[in-house]
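A.B. asks: pasting a predicted model and its sequence here:
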Amino acid sequence: MPELPEVETIANGVHARVQGQRIASVWTSGKPQTFKSPEAEISDALTGAMIESVRRVGKTIVMTLTRAGSKTDRSRIEFLIHLGMTGRLLVSSPDVPQPPHTHAILTLADHREIRFVDPRRFGRLSIHHSAAPQRTTENVERSTPHYTGPGREPLTISLGDFVALFRGRKTPIKAALLNQSLLHGVGNIYADEALFRAGIRPRRQAGRTTRAELARLRTALQTVLKRAIKLGGSSVSDYVDADGMRGYFQIEHKVYGRGREPCTNCGTPIRKIVVGGRGTHFCPTCQK
DNA sequence: CGTCCCACCTGATTGC
DNA sequence: TGCAATCAGGTGGGAC
């Protein structure tokens, strides 16, 4: 379910609700695949910690925690929440019934609960460790642990860096867009929507696109992602927080989920194919 | 290493 | 109507 705009919406929503709260206790379900770090480690790291912030990196929600007593950077820990396909992160009052497939509950000092719910269990919870200060060539010393994700941020990458990502790749451009170690955060919906808006067919070899096409693609991708964030993401099923917040970007989908319907631009039926094992939608007339 | 394909899960929808 | 097949917004690992 969640790609960059949905994860950003959720992270912002949770941040606004729980920033500054202390985690009083932690419960975990014991379903092994959900926990990328051992449950005991997660539980130990979170219990008693204060939630400093909740933000998005790629498709991952990063909860930064501090320990009472020591205020140095070294005491910061990051709790990573990846929602997979069906994960949800809810902030609920304790009297709201627990949904099925709840795999973790962080009970806050004010008794509200942060609940991780995930029917398909493709989501993952982990603690991010980072070595003490790291040095990089372009940066000075960094004393805060910082999860940076597997790839580059689509919203801030420069044109030059964007073009370089695809150079020499034989894989279809759509598969490259979905590769999280290149750009992180782009998923199936926004890959299709960006390629449509850029006029590029999903099966085009990534390395055979022109600089001008990639410039269009970067702009299209950023436009679509920003617009979706503004609308709270796409809700094909619903997601988000305890208030049942939904996104509305799906209203503006031009190709995703519109197989056989007419293209909004030229009327040609939208075609649905499989690229890289994923359902892929495009207009055979508007995309070259 | 780059690329392809499947397994990992449950639930909703499609199709016979 | 009923039941089986198919599909779903994601990733990680193994094969080549």
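C.D. replies: Cool, the structure landed. Everything numeric here is computed off the predicted structure, so don't read it as measured data.
A.B. asks: which residues of the stretch 101-250 of chain A lie near DNA strand B?
C.D. replies: With the criterion set to Cβ under 7 Å from any atom of the strand, the stretch 101-250 of chain A comes near DNA strand B through A:101, A:119-122, A:169-172, A:175-176, A:206-207, A:237. In this view, the C-beta of every residue, glycine as well, is placed from N, C-alpha and C.
A.B. asks: packing partners for the host helix or strand of residue A:13?
C.D. replies: Assigned by DSSP states H and E, residue A:13 falls within helix A:4-18. Packing contacts for helix A:4-18, counted by 3 or more Cβ pairs under 8 Å, 6 or more residues apart in numbering; DSSP states H and E, involve strand A:49-57, strand A:60-67, strand A:88-92, helix A:211-230.
A.B. asks: which among the ones you listed is found nearest to DNA strand C?
C.D. replies: strand A:60-67 (7.3 Å; Cβ to the nearest atom of the strand).
A.B. asks: and the closest residue to DNA strand B within the stretch 101-250 of chain A, how far is that from residue A:89?
C.D. replies: The nearest approach of the stretch 101-250 of chain A to DNA strand B comes at residue A:120, 3.3 Å away (Cβ to the nearest atom of the strand). Here residue A:120 is placed at a distance of 15 Å from residue A:89 (Cβ to Cβ, to the nearest Å).
A.B. asks: ok, back up a step: reformat the helices and strands packed on helix A:4-18 as CSV; add distance to residue A:252.
C.D. replies: Listed next are the helices and strands packed on helix A:4-18 as CSV, based on distance: least, Cβ to Cβ, whole Å:
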stretch, distance to residue A:252
strand A:49-57, 21
strand A:60-67, 24
strand A:88-92, 23
helix A:211-230, 7
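A.B. asks: can you give me the strands in the stretch 1-150 of chain A?
C.D. replies: Counting by DSSP state E, counting those that start in this stretch, one finds strands in the stretch 1-150 of chain A at the ranges A:23-28, A:49-57, A:60-67, A:77-82, A:88-92, A:102-108, A:113-117, A:124-128.
A.B. asks: quick check, distance from the first one to the centre of its chain.
C.D. replies: The reference is to strand A:23-28. 24 Å (Cα atoms, centre = their mean, to the nearest Å).
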